[in-house]
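Undergrad: Test case, fold it:
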Amino acid sequence: MFGINFVREYQRLIVFRLGRFESVAGPGFVFVFPFIKSAIRVDLREFYLTIPSQTCITKDNAPIDIDFLIYMRVLNAKDSVIEVADFSGSAQGMATTTLRAVIGDIPLDDVLAKREEINQVLRVKLDEVTGRWGVKVTSVEIREITPPRAIQDAMNRQMAAERERRAVVIEAEGRRQATIAVAEGDKQANILRAEGERQATILKAEADRQAEILTAEGERQASLLRGEGFSLGLEKIYNVAKEVDANTMNLQYLDALKSIGASPASKWILPLEITGLLRPFANVLNRGSNGD
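TA: Purely as a prediction, here's the structure:
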């Protein structure tokens, strides 16, 4: 009445002078001349509109009820007053028609599964309209989607079948994993058993080889010792034989012939060396006949 106005930080005054727009005033103290000037207060804070439940028809002709929220804020105080009489009511009506247009292009399953995408499409379409009014749609949030009772029952049966299917899959996967684990255990056991047998065979073969080596070495040593003993015996015989004179050897040959002659054999085989044995006796007899 007196033209005194205190404008808060989040408010602005749209001042008119004799019905014509004059300025956007605030925040702080603003004086408006009475009767000459008038002012409209505009709130710049973000606010929301509740869109009541709307029945929409999806692309596959399924009725569905949807209610949602629209979050908005005034960016241009002048346009929000001059360009539209009531931007809140206008935005609410625009949201209702836009929702039905958007849902009509989407199948029921996508409406239920793609809520975020629907929110984004609604926000973009509403913002294109409210932008002319100096109002920005910051967000759209669907609160509840209610399909018909028959569709809810079908969805419940579908979810029950899906849960049963998942349970069967999980059980089968568990059995498969158990079978794999058992088979893996058997495989490892067979590998370890085969490895043990292989190591045992290798150790046995190595032991047999070492035994054969030791046996051969013992036989070689024994043979060497026998050969060495035989060699020593021959050497002693040779040494003794060197000390025996030729007459003694001849007598030994005669004794041997005497023994041969005493045998009942009808045939005698005399070695060629017998003439060499008789030559000394012949020499003795010759010297006796010559008077020696």
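
Undergrad: Name the nearest residue to Asp65, ignoring sequence neighbours.
TA: Spatial nearest neighbour of Asp65, chain neighbours left out: Thr146 (4.2 Å); criterion: Cβ to Cβ, 6 or more residues apart in numbering. (Glycine included, C-beta is placed from N, CA and C.)

Undergrad: neighbours of that neighbour, just the number please.
TA: Neighbour count for Thr146, taken as other Cβ atoms under 10 Å: 14.

Undergrad: same check, this time on the one 4 residues further on
TA: Taking other Cβ under 10 Å as the criterion, the count of residues near Ala150 is 9.

Undergrad: and it, how far is that from Ile64?
TA: Computed as Cβ to Cβ, to the nearest Å, the Ala150 to Ile64 distance reads 12 Å.

Undergrad: so the residue nearest to Asp65 sits right up against Ile64, yeah?
TA: Yes - the criterion here is Cβ atoms under 8 Å, and Thr146 meets it with Ile64 at 6.9 Å.

Undergrad: Would you map the helices across the chain?
TA: All helices of the chain, identified by DSSP state H, fall at 77-82, 87-103, 108-113, 115-130, 149-243, 246-261, 273-289.

Undergrad: Would you tell me which of these gets closest to Leu49?
TA: Distance to Leu49, taken as Cβ to Cβ, is lowest for helix 87-103 among the helices of the chain, at 5.4 Å.

Undergrad: Using PDB, write out every CA atom in stretch 95-108.
TA: Extracted in PDB, the C-alpha atoms of stretch 95-108 (Å, rounded to 0.1, in the frame of the first residue of the first chain):
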ATOM      1  CA  ALA A  95       3.000 -32.900 -18.600                       C
ATOM      2  CA  THR A  96      -0.200 -34.900 -18.800                       C
ATOM      3  CA  THR A  97      -0.500 -34.800 -22.600                       C
ATOM      4  CA  THR A  98       3.200 -35.400 -23.100                       C
ATOM      5  CA  LEU A  99       3.100 -38.500 -20.800                       C
ATOM      6  CA  ARG A 100       0.400 -40.100 -22.800                       C
ATOM      7  CA  ALA A 101       2.200 -39.400 -26.100                       C
ATOM      8  CA  VAL A 102       5.500 -40.900 -24.800                       C
ATOM      9  CA  ILE A 103       3.900 -44.000 -23.300                       C
ATOM     10  CA  GLY A 104       1.900 -44.600 -26.400                       C
ATOM     11  CA  ASP A 105       5.100 -45.200 -28.300                       C
ATOM     12  CA  ILE A 106       6.600 -47.700 -25.900                       C
ATOM     13  CA  PRO A 107       5.600 -51.400 -25.300                       C
ATOM     14  CA  LEU A 108       4.400 -52.400 -21.800                       C
END
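
Undergrad: from the chain's centre, how far out does that stretch sit?
TA: 46 Å (Cα atoms, centre = their mean, to the nearest Å).

Undergrad: which ones are touching Arg8?
TA: Taking Cβ atoms under 8 Å, 6 or more residues apart in numbering, we find Arg8 in contact with 26-27.

Undergrad: Could you report the distance from it to Val30?
TA: Taking Cβ to Cβ, one finds Arg8 at 11 Å from Val30.

Undergrad: Ok, Glu173 next?
TA: Distance from Glu173 to Val30, by Cβ to Cβ: 72 Å.

Undergrad: what's the answer for Gly174, then?
TA: Using Cβ to Cβ, Gly174 is found at 75 Å from Val30.

Undergrad: Comparing the two, which residue is more hemmed in?
TA: Set Gly174 next to Val30 and count neighbours by other Cβ under 10 Å: Val30 wins out with 17 against 10.

Undergrad: what about the nearest residue to the more buried one once chain neighbours are set aside, neighbour count?
TA: Leaving aside its chain neighbours, Val30 sits nearest to Asn5 (4.4 Å; criterion: Cβ to Cβ, 6+ apart). Asn5 sits with 17 neighbouring residues when counted by other Cβ under 10 Å.
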